[in-house]
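**Student:** just need the structure, nothing else, for what follows:
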Amino acid sequence: MKCISKYTFGPKLIIRSYQQGMVAVEFALITIILVTFLFGAMEMSRALFYWNTATEATRLGARLAVVCDQDASAIKTKMQAMLGVLEADQISVTYLPDGCDSDSCRSVTVSINGFDFAMLVPVLPLNIPMPPFSTTLPRESMDSANPDCT
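**Tutor:** Residues are numbered from 1 along each chain as shown. Now for the predicted structure:
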């Protein structure tokens, strides 16, 4: 009869019980890394969404100024409806040459300046300044009575 020592199976059992704790530590480390990448991807997507929407808002404002002959306050209101985080003082509407009317204006420039992107990451509250956005359109028909302009 062969004698089985307690040391034959003992150290393997001890090593296996240490391994169970390592799995929990590895899972925690991988989870932290994956959640960080997930928040980074979501914040980058939000930043690109605001970038694209700000560009489209300046295009809308310039189109309204050129085709619909609307005043600056109406243009700013429609741009703010498109991009809700905009303030009225961040939007400027400039007709060229200065002091022109609907017959003598050559172009209009609508721009957004001082727009900041506020990150939502709980641990890292940052405001990232966005670049200025600007759209210039030539005079088309600044006296139009287009029904789509309301």
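**Student:** next one: the most centrally placed residue in the chain, what pLDDT does it get?
**Tutor:** What sits nearest the mean C-alpha location of the chain, by Cα atoms, centre = their mean, is Ala47, with 2.4 Å. pLDDT for Ala47: 87.
**Student:** isn't it up against Ile128?
**Tutor:** Yes. Shown here, Ala47 and Ile128 form a contact pair, counting by Cβ atoms under 8 Å, at 7.1 Å. C-beta: built from backbone N, CA, C; applies to glycine.
**Student:** any idea how far Leu124 is from Gly137?
**Tutor:** No Gly there; residue 137 is Leu. Note on Leu137: its distance to Leu124, by Cβ to Cβ, to the nearest Å, is 39 Å.
**Student:** show me where the protein has helices.
**Tutor:** With helices called from DSSP state H, the chain shows them at 6-67, 72-82.
**Student:** output the ones you listed in TSV; the columns should cover distance to Asp116.
**Tutor:** Below are the helices of the chain laid out as TSV (distance: least, Cβ to Cβ, whole Å):
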stretch	distance to Asp116
helix 6-67	10
helix 72-82	15
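**Student:** from these, which stretch is densest packed?
**Tutor:** Most buried of the helices of the chain, by mean neighbour count (mean count of other Cβ atoms under 10 Å): helix 72-82, with a mean of 17.
**Student:** contacts only, for Val110.
**Tutor:** Taking Cβ atoms under 8 Å, 6 or more residues apart in numbering, we find Val110 in contact with Thr58, Gly61, Ala62, Ala65, Ile75, Met79, Ile91, Ser92, Val93, Thr94, Ser134, Thr135.
**Student:** with Cys105 instead?
**Tutor:** Per Cβ under 8 Å, 6+ apart, neighbours of Cys105: Tyr95, Leu96, Pro97, Arg139, Met142.
**Student:** hang on, the first one packs against Ser104?
**Tutor:** Same thing as Tyr95. No. The criterion here is Cβ under 8 Å, and Tyr95 misses it with Ser104 at 9.4 Å.
**Student:** between these two, tell me which one has more neighbours.
**Tutor:** Between Tyr95 and Ser104, counting by other Cβ atoms under 10 Å, Tyr95 is the more crowded of the two (20 against 11).
**Student:** the more buried one and Ala74, how far apart?
**Tutor:** From Tyr95 to Ala74 the distance is 14 Å (Cβ to Cβ).
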